[in-house]
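> pasting the sequence and the predicted coordinates here, then a few questions.
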Amino acid sequence: MYTAQFRYFRPADLGEAEALFRAGSDARFLAGGQSLIPAMKQRLASPSELIDISRIAALSFIRRERERLVIGAATKHANVAASGDVQASIPALAALAGMIGDPAVRHRGTIGGSIANNDPAADYPAGVLALDATIATNMRKIPAENFFTGMFATALEPGEIVTEVAFPLPRRAGYAKFPNPASRYAMPGVFVADFGHAVRVGVTGAAACVYRATELETALAHRFAAGALDGSAVDPAELASDLFASAEYRAHLVKIMAQRAVRACDG
Amino acid sequence: MAAISLTVNGKPIRAEVEDRTLLVHFLREHLHLTGTHVGCDTSQCGACVVHVNGRAMKSCTMFVAQADGEEIVTVEGLSGEGKLHPVQAAFQEHHALQCGFCTPGMIMTAVDMLKRHPHPDEETIRRELEGNFCRCTGYLNIIKAIGAASRAI
C-alpha cells in the first residue's frame, strides 16, 4: 500500500523541528511510526509534511534521578523493557514496555509517540496515568491527569512535541493485560501503583480513553491485596462494546486484570 | 524526492526515491531483493521483517528515508555465497516451512531473537514469534527449528 504523497524531513534538533512545523501546511511529527504509518497507508492520515523526530539524540535517554525516573520521548519500547534503571526503579513499567505489540514493533515504537497517539487500547497510557507521571513538551509540563483527553486525543497543541516523561517512584506497582489475540492490544490492561499515601489504578483498552478506576483504588487503599477486590464490581456503563468483547465482559476483565496486577507487584 | 544513502547486505547504496517509498518496496522493487515479502501490509504478519542496525523491524512500516544512513540486512544477506546461516539450516533440517511465504520473516525474527535470547526456552520462542504469522499454521516445526538453531550456534 502506498501512502499519499508527502515531504519527509529529519531535523537535527527540536528548534529545527518546530521551524519545519511552522513552515508546513499540514505537518505531522513522526516518531517510531508504528501507528502513524499504518494509518497513512489506510489514508486515515495524509499529512503534507512528515517531520521525523525519532533520531533527535536529545530525546532518547533513560535517567534515574533521586525520586523519579525520566524517559526521553524517542526512547524505544525495547530499550525501556531492557533498561536496568527501569527494571530496578519501576519493574512494572519495564514489564509493560515488553508487552507492547511484538519485538519488531518494540524496536521502533517510542514512549512519546505512544502517548501522543493515545490509542484507547495502548499500554503506556495506563502506566503513565497510574504512576502520576508528568509529560514535558517543548512548551510546558503537563500532568498525566490532564494529558489524555479522549479517544486518540490529548492536551497537545499543534506543533507541541513530547520531550520526556517523568515518573515518580511508587512503593510497588504491577501491570497485567489481556491481549487481544490478534492485535496484542490491551483488552483491557490495568496498571496498579501503590505510593503508600495513595493507590492509583489506570485502565486501558476498556473505554474510549484511559481512565482511573477510582472504585478499585478505594478498595486497594483500604487493603492492598488482590482479595480486596473480590467484592468490587466494575460498572460496564461507560465501557466499550465491540466484536471482541461486550462491555460486561470487559468490566469483568478489568477486575481480573486489576487482581493480577496486584499479584504481579510481589514478583 | 529524497536522496538516500544506506548499506544493504554490506553494499553501499545511493538512490533518489519518492519520499513515501516504504523500505520493503525499496528492497523489492528498486534493489530486486525479493526475499523480503509483503504479507499483510498492515504491520501484523512479519513477512517483511529485516534487520536495521542489527534489530528486527517491519520493513512495511517504515519509509526508506527513515533508514537513511543505516545498515540493512535482508534474508539474502544472512550468510555468504552458497552457505546457509545456522537458522536457515535448522529450518531446512526440521522442515520449518510449508508454503514458505512467512519463512524469510520468521528467519530474520529468529536470528534477532537468538541474539537477545541465546538459549530460549519454548515459551520464550513462542512469545518472541508473536509478530510473525504462519498461515499454514506450521508453528511447531518453526519452534523446533529455532530451538535446534540455538543449540547449533
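Noted; the coordinates are in hand. Residues are numbered from 1 along each chain as shown, chains lettered A, B, ... in the order given.

> which residues does the residue in the stretch 51-200 of chain A that chain B sits nearest to contact?
Residue nearest to chain B within the stretch 51-200 of chain A (CB to the nearest CB): A:Asp102, separated by 2.6 Å. Placement of C-beta: from N, CA and C, glycine included. A:Asp102 sits next to A:184, B:46, B:130-132 when contact means CB atoms under 8 Å, 6 or more residues apart in numbering or on different chains.

> for A:Phe167, same thing?
A:68-71, A:90, A:93, A:128, A:131, A:133.

> just give me the neighbour total for the closest residue to chain A within chain B.
The nearest approach of chain B to chain A comes at B:Gly131, 2.6 Å away (CB to the nearest CB). The number of residues packed around B:Gly131, counting by other CB atoms under 10 Å in any protein chain shown, is 21.

> that one belongs to a helix?
No - counting by DSSP: H, G, I helix; E, B strand; the rest coil, B:Gly131 is located in no helix; its state is coil.

> and for it, nearest residue in space, chain neighbours not counted?
A:Asp102 (2.6 Å; CB to CB, 6 or more residues apart in numbering or on different chains).

> just the pLDDT for the one you found.
pLDDT, A:Asp102: 96.

> equivalent analysis for A:Ser183, please.
As predicted, A:Ser183 sits at a pLDDT of 81.

> isn't A:Val165 right up against A:Ala136?
Yes - using CB atoms under 8 Å, A:Val165 is in contact with A:Ala136, at 7.4 Å.

> which one of these two has more residues nearby?
Neighbours were counted for A:Val165 and for A:Ala136 using other CB under 10 Å; A:Val165 has more, 26 against 19.

> what count of nearby residues applies to A:Ala233?
Using other CB under 10 Å, A:Ala233 is surrounded by 10 other residues.

> residue contacts, the residue nearest to A:Met187 when sequence neighbours are not counted?
Counting by CB to CB, 6+ apart, A:Asn180 is the residue found nearest to A:Met187 once chain neighbours are left out, at 4.4 Å. A:Asn180 makes contact with A:121, A:186-187, A:205, A:244, according to CB under 8 Å, 6+ apart.

> the same query, at a cut-off of 10 Å, please.
Applying CB atoms under 10 Å, 6 or more residues apart in numbering or on different chains to A:Asn180 gives the contacts A:121, A:186-188, A:205, A:244-245.

> quick one: which of these sit in strands?
A:186-188 (DSSP state E).

> reformat those residues into TSV and put neighbour count and pLDDT next to each item.
As requested, the ones in strands among the contacts of A:Asn180 are exported to TSV (neighbours: other CB atoms under 10 Å in any protein chain shown; pLDDT from 0 to 100):
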residue	neighbour count	pLDDT
A:Ala186	31	94
A:Met187	23	95
A:Pro188	30	97
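
> my guess is the residue of chain B closest to chain A contacts A:Val105, does it?
Yes - applying CB atoms under 10 Å, one finds B:Gly131 in contact with A:Val105, separated by 6.4 Å.

> which residues are common contacts for these two?
Counting by CB under 10 Å, 6+ apart, the residues touching both B:Gly131 and A:Val105 are A:184, B:43-44, B:46, B:56, B:58.

> most neighbours of all these, which one?
The most neighbours of any of those, using other CB under 10 Å, belong to B:Lys58, which has 35 neighbours.

> which non-adjacent residue is nearest that one?
Excluding its sequence neighbours, the residue lying closest to B:Lys58 (CB to CB, 6+ apart) is A:Ala104, at 4.8 Å.

> show me the contacts for the one you found.
A:34, A:78, B:43, B:46, B:48-52, B:55-59, B:61, B:105, B:108-109, B:112, B:130-132.

> tell me the secondary structure of it, please.
Classified using three-state DSSP, A:Ala104 is helix.

> next one: A:Arg108
Local secondary structure at A:Arg108 is given as coil here, using three-state DSSP.

> cool, A:Ser114 as well?
Three-state call for A:Ser114 (three-state DSSP): helix.

> neighbours of it, how many?
If you count neighbours by other CB under 10 Å, A:Ser114 ends up with 26.

> which stretches of chain B form helices?
Under the criterion DSSP state H, chain B carries helices at the ranges B:23-25, B:86-93, B:103-116, B:122-128, B:139-152.

> what would the ones you listed look like in a markdown table with distance to chain A, mean neighbour count and mean pLDDT?
Formatted as a markdown table, the helices of chain B follow (distance: least, CB to the nearest CB, whole Å; neighbours: other CB atoms under 10 Å in any protein chain shown; pLDDT from 0 to 100):
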| stretch | distance to chain A | mean neighbour count | mean pLDDT |
| --- | --- | --- | --- |
| helix B:23-25 | 8 | 24 | 98 |
| helix B:86-93 | 15 | 20 | 97 |
| helix B:103-116 | 7 | 23 | 98 |
| helix B:122-128 | 6 | 15 | 98 |
| helix B:139-152 | 13 | 19 | 97 |
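
> of all the ones you listed, which one is nearest B:Gly10?
helix B:103-116 (15.5 Å; CB to CB).

> and that closest one, what does it pack onto?
Applying 3 or more CB pairs under 10 Å, 6 or more residues apart in numbering or on different chains; DSSP states H and E, one finds that helix B:103-116 contacts helix A:103-106, strand B:49-52, strand B:55-58, strand B:71-73, helix B:86-93, helix B:122-128, helix B:139-152.

> in chain A, where is pLDDT below threshold?
Across chain A, residues meeting the criterion (pLDDT under 70) sit at A:266-267.

> flag every buried residue along stretch B:31-50.
Across stretch B:31-50, burial judged by 16 or more other CB atoms under 10 Å in any protein chain shown covers B:31, B:33, B:35-39, B:41, B:43-50.

> domain parsing of chain B, as residue ranges.
Domains of chain B are assigned by automatic domain parsing as B:2-77, B:86-152.

> okay then, goodbye and thanks.
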